[in-house]
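In: Sequence isn't available, so here's the structure alone:
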């Protein structure tokens, strides 16, 4: 700090007043007095730049909490469940209900995961600002529905029908069928409505079990929704992004199923789906 040394010399050696020196060099009198006191106490060491690192960091995560975060990350991933920062914080809050102040924020948990090598940068990934996203404002404002395929232990291909709440991502229903038919969609929807209430709207793709518009008529699901006054919306053909939430959920479900013993029957698969939904 050449300037600090010059100012101190101007006061101590040249005998100039603090006010005059501070005014001439555009510095604070208070800072110059602090500098003089530090020089009086430390000598030339007063001019060595000091670390601005705080003496304490109340928000710093303890080593024990870091280890707990990493253990949760590993156990959730091994079970095939989501293991992101939001999920980890949810489990920490459940564990530490009486001391929730000890639970770090989502951002802090993410930094811990990154520092410990569990979050890797993806430079080729599109920036979030490039996506146009929509989200229902309230639960039961909109449900999304779609089917996905799964294989039983003997290789038999079956289908899983999922209904997902657009706002909360809550799984309204998840049913396994050898082949999903229009009456299966209706029955699954009605069972979900009995438990969770009627949605204001439903969003699906243009599969034959969801719409008969291309055939110039109405399928069972369309007729039911018209009678109930539920708005029915369909995504554009070959544009699965419109049902992005339920499409993404299929992958979440399959990651979890892949970690379970492969079901040998539809009934066994349904038991696994029920457990996952719970």
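Out: In hand now; what should we look at? Just so it is clear, the structure is predicted and the values come from calculations on it, not from any experiment.
In: Compute the number of surrounding residues for residue 149.
Out: 10 (other Cβ atoms under 10 Å). C-betas here are computed from N, CA, C, even on glycine.
In: roughly how far apart are it and residue 158?
Out: According to Cβ to Cβ, to the nearest Å, residue 149 and residue 158 sit 7 Å apart.
In: Also residue 11?
Out: 87 Å.
In: again, but for residue 209
Out: Distance from residue 209 to residue 158, by Cβ to Cβ: 15 Å.
In: Look at those two and report which has more neighbours.
Out: residue 209 (22 against 17).
In: helix, strand or coil for the more buried one?
Out: With DSSP: H, G, I helix; E, B strand; the rest coil as the basis, residue 209 sits in coil.
In: got the contact list for it?
Out: 147, 180, 181, 182, 184, 185, 219, 221 (Cβ atoms under 8 Å, 6 or more residues apart in numbering).
In: and after the helix or strand hosting residue 7, which helix or strand comes next?
Out: Residue 7 belongs to helix 2-12 when assigned by DSSP states H and E. Where DSSP H and E defines the elements, the next helix or strand beyond helix 2-12 is helix 18-25.
In: buried stuff in the next helix or strand after that next one?
Out: Downstream of helix 18-25, the first helix or strand assigned by DSSP H and E is helix 29-42. Going by neighbour count (16 or more other Cβ atoms under 10 Å), the buried part of helix 29-42 is 32, 35, 36, 38, 39.
In: do you know how far the fourth one is from residue 15?
Out: According to Cβ to Cβ, residue 38 and residue 15 sit 20 Å apart.
In: phi, psi of the residue positioned nearest the centre of the chain?
Out: Per Cα atoms, centre = their mean, the C-alpha nearest to the average position across the chain is that of residue 86, at 5.1 Å. Dihedral angles of residue 86 (phi, psi; degrees, to the nearest 10) stand at phi -60, psi -40.
In: what sits against it?
Out: residue 106.
In: Residue 105 versus that one, what's the distance?
Out: Taking Cβ to Cβ, one finds residue 86 at 10 Å from residue 105.
In: Going by distance to residue 77, which of the buried residues of helix 29-42 wins?
Out: Closest approach between these and residue 77, by Cβ to Cβ: residue 38, at 52.2 Å.
In: Assign residue 104 to helix, strand or coil.
Out: coil.
In: helices or strands next to the strand or helix carrying residue 268 in the packing?
Out: For residue 268, the element it lies in under DSSP H and E is helix 266-277. Contacts defined by 3 or more Cβ pairs under 8 Å, 6 or more residues apart in numbering; DSSP states H and E place helix 266-277 against strand 157-165, strand 171-177, helix 244-258.
In: nearest to residue 191, of the ones you listed?
Out: Comparing the helices and strands packed on helix 266-277 by Cβ to Cβ, strand 171-177 comes nearest, at 6.4 Å.
In: And the contacts of the closest one?
Out: Taking Cβ under 8 Å, 6+ apart as the rule, strand 171-177 contacts 143, 150, 158-165, 184, 188-189, 191-192, 195-196, 249, 253, 266, 269-270, 273-274, 276-277.
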